[in-house]
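In: fold the stuff below for me.
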Amino acid sequence: MTRQVVATGFGGPEVLQIAETEVPAPGVGEVRLAVRAIGVNPADVKMYSGAFGADPAALPIRLGYEAAGVVSEVGPGVTTFRAGDEVIAYRANGAYASDIVVAAEALSAKPPALGWPEAGGLSLAGATAVHALRVVSITGGDTVLVHGAAGGVGLLAVQLAAVRGARVIGTASAGKHDLLRSLGTEPVEYGPGLADRVRALAPGGVQAAVDTVGTDEAVDVSLELVADRARIVTIAAFARAAAEGIALVGAGPGADPGTEVRNAARPELARLAAEGTLRVIVARTYSLDDVAEAHREIAAGHVTGKLVLVP
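Out: Residues are numbered from 1 along each chain as shown. Model (predicted):
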C-alpha cells in the first residue's frame, strides 16, 4: 500500500486528500520507488484549480511530477538500475506518494552529495530553467534579465545563466537581494520604475529576458528593454505570450513542453548540483499530511526557492 495525495474535486487546497492505494508490481521497463522527497510546483496547484480545465472525468487527480527515492523493485527488462539505488525521478506522474511505480527511463542517479530534499526539488524547476535559457540562446557576454529571480525556477535560471557566462540581473523584493548577490546575480526591486532601474544597471542594454512570474510588468519591461522578441521567454504569461509573439514554455495551453531538451538536461543538472555549482534552495519541507498548507504557500507566490514534501 502507498499513501497517495489526490485531488477529489476542482477548487482550492481543501480538495486534497490522502488515499491508501495499492502499488502495482513494476511492469516491463518500470521500477518501484520508495519516495524520500517530492518537489512541489505551481503546476501541481493548477492541475486541480481549473487553470488547466475542469473535466469531472479526470477526477480523482494524482498529483506531482518529480521525486527522489530508493529503488525497491525492478521490473522485467530493467538493467540500468537495481534495488537499493538512490535515484531522481522526472517525469514521474503521481509523485505525491510514499511509493510509486515509474518508468526506468525517467530515472537518473542521485549524486551521494545531494540531500534528499534538494534532489526531490531539482528536476522540474531546473529543466524549466534550462529550457528557457536554451530558447533565448543565452551565451557568454549576454546580459539577461530574470523576472522572479528568487523563485524556484528563477534561482536555478540565474545560476545556470551565470554558468553560461552571462551577466545576470534578477528582479526580487529587497529582502531577497543578498541571496541573489551570493549567487552572482545583480538584484533589482520590481515595481514602478523597474525598466529605468535595469537601464541604470545595464546602460549597454539587455539582450534577453526570462519571465518566471507571468505579470504584465514582467512582460512589458521585457518588451521595452529587449530588442529581439525571439529572445524573450515566459513560463507563465499565457495570454500575453500569444498576443505579443514571445516564446512560452512549460505546461499549459499553447506552451512548448520541450520534452527532449528537458530530459537531456537531467544529467547536467545532477552533475552541477553535486559539484556545488548549482544550489537548490529549499525554503521549507512539509509532510504529506500538510500538503494543503504547502499548496497554500506556493499559490501565494512568495516562496524563496523550493517547497518539498517528505513522506
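In: where does the residue nearest to G276 when sequence neighbours are not counted fall, phi/psi-wise?
Out: Counting by Cβ to Cβ, 6 or more residues apart in numbering, A113 is the residue found nearest to G276 once chain neighbours are left out, at 7.9 Å. (Each C-beta comes from the backbone N, C-alpha and C, glycine too.) In terms of degrees, to the nearest 10, the main-chain angles of A113 are phi -80, psi -10.
In: swap in the one 3 residues further on?
Out: Per-residue torsions, W116: phi -60, psi -50 (degrees, to the nearest 10).
In: run a quick neighbour tally on it.
Out: Residue crowding around W116 was assessed by other Cβ atoms under 10 Å; the count is 21.
In: might one say that it is in contact with A67?
Out: No: under the contact definition of Cβ atoms under 8 Å, W116 does not touch A67, with a separation of 9.9 Å.
In: who touches both of the two?
Out: Shared between the contact lists of W116 and A67 (criterion: Cβ atoms under 8 Å, 6 or more residues apart in numbering) are residues 36-37.
In: related to what we said a few turns ago, the residue nearest to G276 and A274 touch, don't they?
Out: Yes: with contact taken as Cβ under 8 Å, A113 and A274 are classed as touching, separated by 5.1 Å.
In: the more surrounded of those two?
Out: Comparing A113 with A274 by other Cβ under 10 Å, the one with more neighbours is A274, at 16 against 10.
In: OK, contacts around the more buried one?
Out: Taking Cβ under 8 Å, 6+ apart as the criterion, A274 is in contact with 111-114.
In: cutoff 6 Å now
Out: Residues counted as contacts of A274 (Cβ atoms under 6 Å, 6 or more residues apart in numbering) are 111, 113-114.
In: okay, the closest residue to H131 other than its chain neighbours: pLDDT?
Out: If you skip the residues right next to it in sequence, H131 has G258 as its closest partner in space, 4.1 Å away by Cβ to Cβ, 6+ apart. According to the per-residue confidence, G258 scores 95 in pLDDT.
In: partners of the strand ranked longest in the chain, with directions?
Out: With DSSP state E setting the assignment, residue counts place strand 30-40 as the longest strand in the chain. Sheet pairing here is set by DSSP bridges, and for strand 30-40 it gives strand 66-74 (antiparallel), strand 99-103 (antiparallel), strand 306-310 (antiparallel).
In: Three-state assignment for the nearest residue to A149 once chain neighbours are set aside, please.
Out: Once flanking residues are discounted, A149 sits nearest to G170: 2.6 Å by Cβ to Cβ, 6+ apart. Per DSSP: H, G, I helix; E, B strand; the rest coil, the local secondary structure of G170 is strand.
In: show me what contacts G170?
Out: G170 sits next to 146, 149, 158, 180, 185, 187 when contact means Cβ under 6 Å, 6+ apart.
In: hang on, the third one packs against H147?
Out: No: proximity of V158 to H147 does not meet the contact threshold set by Cβ atoms under 6 Å, at 10.8 Å.
In: ok so, going back, need the worst-confidence member of the contacts of A274.
Out: pLDDT across the contacts of A274 is lowest for A113, at 92.
In: state the distance from that residue to I88.
Out: Between A113 and I88 the distance is 13 Å, computed by Cβ to Cβ, to the nearest Å.
In: do Q207 as well
Out: Between Q207 and I88 the computed distance is 32 Å (Cβ to Cβ).
In: same check on A43?
Out: Between A43 and I88 the distance is 18 Å, computed by Cβ to Cβ.
In: one more: E268?
Out: Per Cβ to Cβ, E268 is found 13 Å from I88.
In: so which of the two has more stuff around it?
Out: Summary of the neighbour comparison: E268 and I88, criterion other Cβ under 10 Å, with I88 having more neighbours (27 against 15).
In: what angle do the host helix or strand of the more buried one and strand 99-103 make?
Out: Element membership of I88 [criterion: DSSP states H and E] is strand 86-90. Angular relation of strand 86-90 and strand 99-103 on a 0 to 180 degree scale: 70 degrees, by axes from the mean of the first three to the mean of the last three Cα atoms, to 10 degrees.
In: what's the average pLDDT for strand 86-90?
Out: Mean per-residue pLDDT for strand 86-90: 98.
In: may I have it as PDB, with CA atoms only?
Out: As requested, the backbone C-alpha atoms of strand 86-90 are provided in PDB (Å, rounded to 0.1, in the frame of the first residue of the first chain):
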ATOM      1  CA  GLU A  86      19.300   6.200  -5.000                       C
ATOM      2  CA  VAL A  87      17.700   8.000  -7.900                       C
ATOM      3  CA  ILE A  88      15.900  11.100  -9.000                       C
ATOM      4  CA  ALA A  89      12.600  10.700 -10.900                       C
ATOM      5  CA  TYR A  90      11.400  13.100 -13.500                       C
END
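In: from here on, count from 36
Out: Sure, I'll start counting at 36 from here, so that last one is strand 121-125.
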